[in-house]
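Engineer: A predicted structure for the sequence below; I have some questions about it.
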Amino acid sequence: MLPEGTREVLLTEAQIAARIQELGQLISDDYAGKNLLLIGVLKGSFIFLADLVRNISIPLTIDFVTLSSYGDSTTSSGNVKIIESLRANVSGQHVVVVEDIVDTGWTLSMSRILEDLHSGNAASVKVCTLLDKRCRREVDVPVDYVGFEIEDRFVVGFGMDFDGLFRSLPMIAALDEKTTL
Ligand code: PRP
């Protein structure tokens with residue numbers, strides 16, 4: 001059943017849950033015996049992060065940064081705002097930055113979050129994203145764990161929004177071109 005305002009379900013709840021279970025297992029294996037810190041990039045990552053951590057079987061800590069690039073538009077502005085920066089001491093921590101989607105790459109690149117983590121003496125820094133829209137990349141950012149690679153559609157749900165709405169959809173859907181808010 002398609003939620004109102006959306007055109008096509010791209011990923012169902014079951015598909016997303018199964019992939020997050022696999023990612024959780026991978027991360028649990030890769031970081032066994034290490035100090036693992038997951039940093040969620042808000043707002044979009046909040047649902048993915050919540051599900052991911054419950055599929056990781058090793059001890060971990062969590063922090064958040066709030067970055068924003070899109071404003072009210074459906075295309076990246078390349079204008080990244082740091083709304084709230086990191087609080088955790090990352091020294092000696094093996095950090096995984098958690099994103100809902102990497103699109104142009106500008107958010108991770110312009111925020112300089114990865115550089116800041118390295119200069120804060122993180123033991124290692126990796127990126128985990130639920131969605132990778134690699135076909136739209138404008139700047140090269142390292143992405144180490146990918147849930148799904150997707151084509152160039154504007155997607156909503158599972159934390160991702162259009163003008164603040166649709167984040168609560170349990171599936172990932174393409175937005176209907178006719179949607180106006
Ligand atoms: C989205 C998403 C990523 C970014 C990816 O954030 O959460 O942070 O866009 O796009 P990019 O690779 O083209 O920079 P958005 O700015 O929409 O804010 P939000 O997380 O609060 O929805």
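Structural biologist: Structure's in. What do you need?
Engineer: do you know how far Arg22 is from Phe148?
Structural biologist: Not quite, residue 22 is Glu, not Arg. Distance, Glu22 to Phe148, by C-beta to C-beta, to the nearest Å: 11 Å. All C-beta atoms are positioned from the backbone trio N, CA, C, and that covers glycine.
Engineer: if you count what's nearby, which of those two comes out ahead?
Structural biologist: Phe148 (16 against 12; other C-beta atoms under 10 Å).
Engineer: Strands of this structure, start to end?
Structural biologist: 6-11, 36-42, 61-68, 81-84, 94-102, 124-132, 145-149, 155-156, 172-175 (DSSP state E).
Engineer: pLDDT averaged over the top helix by length along the chain - what is it?
Structural biologist: If you go by DSSP state H, the chain has its longest helix at helix 13-30. Per-region confidence: helix 13-30 scores 98 on mean pLDDT.
Engineer: can you check stretch 44-62 too?
Structural biologist: On average, stretch 44-62 scores 98.
Engineer: Please state the offset of the longest helix of the chain from the chain centre?
Structural biologist: 14 Å (C-alpha atoms, centre = their mean, to the nearest Å).
Engineer: From the contact counts, what lies against that helix?
Structural biologist: With contacts taken as 3 or more C-beta pairs under 8 Å, 6 or more residues apart in numbering; DSSP states H and E, helix 13-30 sits against helix 46-53, strand 124-132, strand 145-149.
Engineer: And for the longest one, what's in contact with it?
Structural biologist: In other words, strand 124-132. 16, 20, 23, 27, 45, 48, 52, 94-102, 108, 114, 117-118, 141-150, 155, 158, 160, 172 (C-beta atoms under 8 Å, 6 or more residues apart in numbering).
Engineer: Mark which of those residues are buried, thanks.
Structural biologist: Neighbour counting over the contacts of strand 124-132 (16 or more other C-beta atoms under 10 Å) leaves 16, 20, 23, 27, 45, 48, 52, 94-102, 108, 114, 117, 141, 143, 145-148, 150, 155, 158, 160, 172 as the buried ones.
Engineer: Residues of the protein that sit close to the ligand?
Structural biologist: By C-beta under 6 Å from any ligand atom, the residues of the chain that approach the ligand are 41, 43-44, 67-70, 76, 99-107, 161.
Engineer: repeat that with 8 Å
Structural biologist: 41-45, 66-71, 76, 78, 80, 99-110, 133, 136-138, 141, 159-161, 167 (C-beta under 8 Å from any ligand atom).
Engineer: hmm, back to that, just the CA trace of the longest helix of the chain, in CSV.
Structural biologist: What follows is helix 13-30, C-alpha atoms only, in CSV (Å, rounded to 0.1, in the frame of the first residue of the first chain):
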residue,chain,number,x,y,z
GLU,A,13,10.1,-2.7,5.9
ALA,A,14,11.2,-6.4,5.6
GLN,A,15,13.9,-5.7,3.1
ILE,A,16,15.3,-2.9,5.3
ALA,A,17,15.2,-4.9,8.4
ALA,A,18,17.0,-7.9,6.8
ARG,A,19,19.8,-5.6,5.5
ILE,A,20,20.2,-3.8,8.8
GLN,A,21,20.6,-7.2,10.5
GLU,A,22,23.4,-8.0,8.1
LEU,A,23,25.1,-4.6,8.6
GLY,A,24,24.9,-5.1,12.4
GLN,A,25,26.5,-8.5,12.1
LEU,A,26,29.3,-7.1,9.9
ILE,A,27,30.0,-4.2,12.3
SER,A,28,29.9,-6.6,15.3
ASP,A,29,32.5,-8.8,13.6
ASP,A,30,34.7,-5.9,12.5
